[in-house]
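Novice: Predicted model and sequence below, questions to follow.
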Amino acid sequence: MKSLLQFLSKYSILLMFIALEVLSLILVTTQNQYQRSAFFSSANSISGWTYSIYSNISSYIGLKKENQVLQEENTLLKNQLTMLENQNEALREGLAADYTYADHDYNFISARVINASVNKNHNYLTLNKGKRDGVRVNMGVVNSDGVVGIVCSVGERFSTVIPAINTDAAISCKVKNSNNMGFLKWDGRDYRYCQLKDMAKHIELNVGDTVLTSGVSSIFPSNIMVGTIKEINTAESDAYHQIVVTLSTNYNQLGYVNIVSNNTQIEQLAQEHEYMD
């Protein structure tokens, strides 16, 4: 109590000044129409500005959740589109009319990249989905731009991916509108480019041609975007083209991806292993 009295005594003049200013402001705004209007207009502007800042901050904080919702919706649409495409294919081939969602070959699992590297020979990605989400080894990974990589190990809640920019990765590819196939390899240099191997020299190629997945493996569907041909350098003594491909996926800006689940993969691999044995 003594401290409060000392404070009031010390700042009594200042407190009196503030009280009089507040009283004056109240009298002016209540007794004069123009001043009252101007005061409330200013108050509304300040209030609006404050709410605007709060709204922007709230929107920014909620952006991560919105992105996740959008990614999940996008994945659902991909699954529905795949189902419709396979239903149409089944009808064209005269298969059973009761073709269901469970019958189509591929569906997609949305995931978020939570760790990544781009400056090593053996780059990797870590995703926030694992066994409990249906992820298995040798599943393909794509995003809205195209091919990302292949799942190489899986835990209960997380999985690790070998991206195309890993010197151990090899992805079967083809040039658009061509049945000629090769495979994508990375030389460990620039994460923006890979090399397309095993394309024979007699095959006619052009800079700017589109490179797609071939669909001959059990990992990726056909016609997933890989990139475009940037350079073709072939010496007389070479039996194959030396091709540089600009990758469609920007590995420096990966956020959300889709894991490709091939529902017939296990059966296909078992059949291939049986034949090889």
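Specialist: Thanks, I have the structure now.
Novice: Counting neighbours, what do you get for the residue nearest to G188 when sequence neighbours are not counted?
Specialist: What sits nearest to G188 in space, not counting adjacent residues and going by Cβ to Cβ, 6 or more residues apart in numbering, is N121, at 4.5 Å. (Each C-beta comes from the backbone N, C-alpha and C, glycine too.) N121 has 12 neighbours, counted by other Cβ atoms under 10 Å.
Novice: One more: the one 4 residues further on?
Specialist: Using other Cβ under 10 Å, L125 has 26 neighbouring residues.
Novice: Verify the stated contact: it with I150.
Specialist: No - between L125 and I150 there is no contact under Cβ atoms under 8 Å: 10.3 Å.
Novice: any common contacting residues for the two?
Specialist: Listed as contacting both L125 and I150 by Cβ atoms under 8 Å, 6 or more residues apart in numbering are 141, 161.
Novice: partner residues bridging the closest residue to I219 other than its chain neighbours?
Specialist: Among residues not flanking I219 along the chain, G140 sits closest, at 4.4 Å (Cβ to Cβ, 6+ apart). Beta bridges link G140 to I150, V260, judged by DSSP bridges.
Novice: all strands for the stretch 151-277 of the chain, in order.
Specialist: With strands called from DSSP state E, counting those that start in this stretch, the stretch 151-277 of the chain shows them at 159-163, 171-175, 181-185, 193-197, 210-213, 225-232, 243-247, 256-262.
Novice: which one of those strands has the lowest average pLDDT?
Specialist: Across the strands of the stretch 151-277 of the chain, strand 256-262 has the smallest mean pLDDT, namely a mean of 89.
Novice: so that strand versus strand 159-163, what angle?
Specialist: 90 degrees (axes from the mean of the first three to the mean of the last three Cα atoms, to 10 degrees).
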